[in-house]
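[1] Just the structure for this:
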Amino acid sequence: MIKVEKKNGYSIIQMNRPEKLNAINLSGYQKFTLALNDAAEDPEIRATIIIGAGPSFSSGNDLEDFSKGVGRDWEIAILDFLQSLARFPKVLIGAVQGHAVGVGATMLLHCDLVYLHETADISFPFIHLGLVPEAGATWSLPRLIGRKKASEYLLLGRIMSAPEAILTGFANQTFGDDQSPLEVAEKVAISLSKKPAQGLTATKKLMMRESDEVVEEIIRREALEFMKLLQSETSQALVKGFLQQSH
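    Alright, predicted model coming up:
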């Protein structure tokens, strides 16, 4: 599910389940967390790239697993992943092609730099499944793009196009078919790898100083509400209905 590659000064974390559009299952969350923690603790790494294999970045949580019910192991794995993402001290780069859905979209809120293929789209479909967003999105997205605009994506469930992502400040830049997501991200990572590590880490820490504790608490609250709603008859029926339509 997760492939990790270490280069000179940076690392690459690839969600590698293209047959499932890189949907993240229990094992995926656990391995993703380990990869983030390893990169965070490695003094040689200045930046980490997150990409997806195949035509899409990530379709989010594995809904087939969710439809079977999730237990305490799922809760722990998801919360561990989200907290590791929020606490990640190095520069985090997201490079997206195709679809970024659910947690595939909310994880990008924790990236310091985001690059999108010109046809990529970002989707927060939680409302359609009777759920709440996760990864601190209910706090981070309104502060990034404004509450009114965030309401379109979180309350109406409208899909964000790549041009919209640039206009709202969600992403930094788009790229075309002449470049792969990895090529785009690696150019940035190579540039970062040549900069003093202490300056990069300290600057990111200062930029995040006001949000760190708040975001971690919001992540915890969202996770509790998410799991409670997921167990409801309404959400289970909506998840199963979505799966039937997609098959």
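[2] if I pick the residue nearest the centre of the chain, what's in contact with it?
    In the chain, the residue lying closest to the centroid (C-alpha atoms, centre = their mean) is Met107, at 1.8 Å. Met107 makes contact with 50, 58, 85, 94, 135 under the criterion C-beta atoms under 8 Å, 6 or more residues apart in numbering. C-beta here means a position set from N, CA and C on the backbone, and glycine is covered the same way.
[3] try it again with 7 Å
    Shown in contact with Met107 (C-beta atoms under 7 Å, 6 or more residues apart in numbering): 85, 135.
[4] Make sure Val4 is indeed in a strand.
    Yes: residue state for Val4 (DSSP: H, G, I helix; E, B strand; the rest coil) corresponds to a strand.
[5] can you give me the helices for the chain?
    Taking DSSP state H as the test, the helices found in the chain are 26-41, 63-67, 72-87, 103-106, 137-145, 147-154, 162-168, 181-193, 197-208, 212-230, 233-246.
[6] isn't Trp74 right up against Leu26?
    Yes: with contact defined as C-beta atoms under 7 Å, Trp74 reaches Leu26; the gap is 5.8 Å.
[7] For the protein, give me the ranges with low pLDDT.
    Counting by pLDDT under 70, the chain shows low-confidence ranges at 66-70, 210-212, 242-247.
[8] Tell me which residue of it is furthest from the middle?
    Outermost residue of the chain with respect to the C-alpha centroid, by C-alpha atoms, centre = their mean, is Glu233; its distance is 27.0 Å.
[9] how close does that one get to Glu222?
    For Glu233, the distance to Glu222 (C-beta to C-beta, to the nearest Å) stands at 21 Å.
[10] ok, now Met107?
    From Met107 across to Glu222, the span is 13 Å (C-beta to C-beta).
[11] any idea how far the spatially closest residue to Ala23 that is not a sequence neighbour lies from Ser27?
    For Ala23, ignoring the flanking residues on the chain, the nearest one in space by C-beta to C-beta, 6 or more residues apart in numbering is Asp62 at 4.2 Å. From Asp62 over to Ser27 the distance is 10 Å, taken as C-beta to C-beta.
[12] which of those two has more neighbours?
    The residue with more neighbours, out of Asp62 and Ser27, is Asp62; 21 against 12, by other C-beta atoms under 10 Å.
[13] could you list every residue that touches that one?
    Contacts of Asp62 by C-beta under 7 Å, 6+ apart are 20, 23-25.
[14] 8 Å instead?
    Contact analysis of Asp62 by C-beta under 8 Å, 6+ apart lists 20, 23-25, 28.
[15] Equivalent analysis for Tyr29, please.
    Contact partners of Tyr29, counting by C-beta under 8 Å, 6+ apart, are 77-78, 80-81.
[16] next one: Lys20
    59, 62.
[17] The contacts of Tyr29: which two are farthest apart?
    Maximum pairwise distance among those (C-beta to C-beta): 7.3 Å, between Ile78 and Asp80.
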